[in-house]
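> everything below, folded, please.
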Amino acid sequence: MLLKYNLTLYYHRTTVMDIKNKKENTMKPFEKGDIFLGCTELIDDIDDHKGNGRILQYDKDLKLKGVLWTEGTEHLVIGLKMDPEGILWAFDMHNHIVVRVSPDGKQLPNHHFANRAFSNVTFDKSGNIYLGEALVGNTPYPGSFMKRLPGSDLLGDANIYKFDSEFNFLEIYEVAYSPEFHHFKGITHSTMHPSERFITYTTEIGKKIMRYDIQQSKQMEDLLVLPGDLTDQNVAIAVNYLNDGRLLHSRGDRIEILDEDGEIIQTIDLKDHGWGIAQVTPSHDQEHFFTANIFTGVAMKIRISDGAILGSIETGYKAPKRSLAGIAEYGLVKS
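Okay, here's the model as predicted:
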């Protein structure tokens, strides 16, 4: 069923252009409903991923609330995700940096998990951490610095790494990935199935939604395989589960919601807002989700039931200065 958005509903727009040249950290303690955007301040005309790492904080009404300039990063801050304790995770995959921000709004000391280009994370209820390796092969993005594996010409192996809650390494899952046009992307988006039996993941702009059984350590049948060749825009991008097992899937200019068998049960058409939705995450209330479009620099809040756009954030960073590469919501209730 194709659902249309309703522009007659509340539509909030805010911008961050006024804080571009300020480096003061103003991020506030997290409150329920706060939205966080990875939106790096780009500074290099050749390497269009290089810049001053930045996470923007908005309140539940999508009004700008604060900013954190991330320490230790030099390129895009991407893949934002809240863990079960309310700590915000993010990544500079180019430099093998994992960023964590405490609910008090302060960046925690960077922990070096591995010499790997991690860009996404998911968690289980036991506190284990599953980090997706975003890069593969030896052909980096043209003009961009990407750190190589020590003693190797490779950017990465496109695997998933498991750590316990104390950051001790436990296991490598040698997973399949889906080759894409640029030949450097590995495991770029991942989400834990509500059963915690498997992780569902994609290679951004590849042709598949893949699954890996983390209980039996084996590859599962692909959930979705798309037709066409690697030069078209019929691609798989971001995935994230709702609590009931429905899967949010970004197709660039629309969100498809899939059932457990990979069948499309709902489509939310966003073509009028440009192609480039590379991040999608559900709200804590499970009635809305948030998108981030890296080409337009716009984040949106959308109601699942009818596809209505309830608000947007205009970051001011659109192609070619594109850096909106992560979005997360804080959903914990403060005690």
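> count the neighbours of Gly307 for me.
Counted by other CB atoms under 10 Å, the residues lying close to Gly307 total 20. Backbone N, C-alpha and C define where each C-beta goes, glycine included.
> how about low-confidence regions in this protein?
Applying pLDDT under 70 to the chain flags the ranges 1-22, 333-335.
> need the residue closest to the centroid of it.
Most central in the chain under CA atoms, centre = their mean is Gly79, positioned 3.4 Å from the mean C-alpha point.
> neighbouring strands - and their directions - for the strand or helix carrying that one?
Assignment of secondary structure by DSSP states H and E places Gly79 within strand 78-82. Its sheet considered, strand 78-82 pairs with strand 88-92 (antiparallel) by DSSP bridges.
> who touches the partner strand?
30, 36, 38, 53, 55, 70, 72-83, 97-101, 118-121, 134, 326, 328, 330 (CB atoms under 8 Å, 6 or more residues apart in numbering).
> show me how to select, in PyMOL, the buried members of these.
Here is the PyMOL command that selects the buried residues among those (16 or more other CB atoms under 10 Å):
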select buried, resi 30+36+38+53+55+70+73+74+75+76+77+78+79+80+81+82+97+98+99+101+118+119+120+121+134+326+328+330
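> the residue nearest to the centre of the chain: what's it in contact with?
Per CB under 8 Å, 6+ apart, neighbours of Gly79: 38, 89-91, 93, 119-121, 134, 189, 325-326.
> what does Gln57 give?
Contacts of Gln57 by CB under 8 Å, 6+ apart are 27-28, 34-36, 64-68, 105.
> go again with 7 Å.
Applying CB atoms under 7 Å, 6 or more residues apart in numbering to Gln57 gives the contacts 27-28, 34, 36, 65-67.
> out of the contacts of Gly79, who's nearest Ile257?
His189 (15.6 Å; CB to CB).
> what separates the closest one from Ile304, distance-wise?
19 Å (CB to CB, to the nearest Å).
> before we move on, what about Trp275?
Distance from Trp275 to Ile304, by CB to CB: 21 Å.
> for Glu71, same thing?
Distance from Glu71 to Ile304, counting by CB to CB: 36 Å.
> these two: which is more packed in?
Ile304 (21 against 12).
> and Ser312, how many neighbours?
Ser312 has 19 nearby residues by other CB under 10 Å.
> same question, Glu133
Neighbour tally, Glu133, other CB under 10 Å: 25.
> now do the closest residue to His182 other than its chain neighbours against Lys185, distance only.
Leaving aside its chain neighbours, His182 sits nearest to Tyr141 (6.6 Å; criterion: CB to CB, 6 or more residues apart in numbering). Using CB to CB, Tyr141 is found at 9 Å from Lys185.
> ditto for Leu108
28 Å.
> pretty sure Asn234 is in a helix, no?
No: Asn234 is assigned coil when assessed by DSSP: H, G, I helix; E, B strand; the rest coil, not a helix.
> quick check: it touching Lys208?
No: with contact defined as CB atoms under 7 Å, Asn234 does not reach Lys208; the gap is 11.9 Å.
> these two: who's more crowded?
Set Asn234 next to Lys208 and count neighbours by other CB under 10 Å: Lys208 wins out with 19 against 13.
> pop out the phi and psi values for the closest residue to that one other than its chain neighbours.
Excluding its sequence neighbours, the residue lying closest to Lys208 (CB to CB, 6+ apart) is Ser178, at 4.1 Å. The phi/psi pair for Ser178 (degrees, to the nearest 10) reads phi -110, psi 110.
> and Ser178, what does it touch?
203, 206-208, 210.
> using the three-state scheme, assign the residue nearest to Met146 when sequence neighbours are not counted.
Counting by CB to CB, 6+ apart, Met146 lies nearest to Pro140, which is 4.1 Å off, once chain neighbours are set aside. Pro140 falls in the coil class when you classify it by three-state DSSP.
> done for today, thanks.
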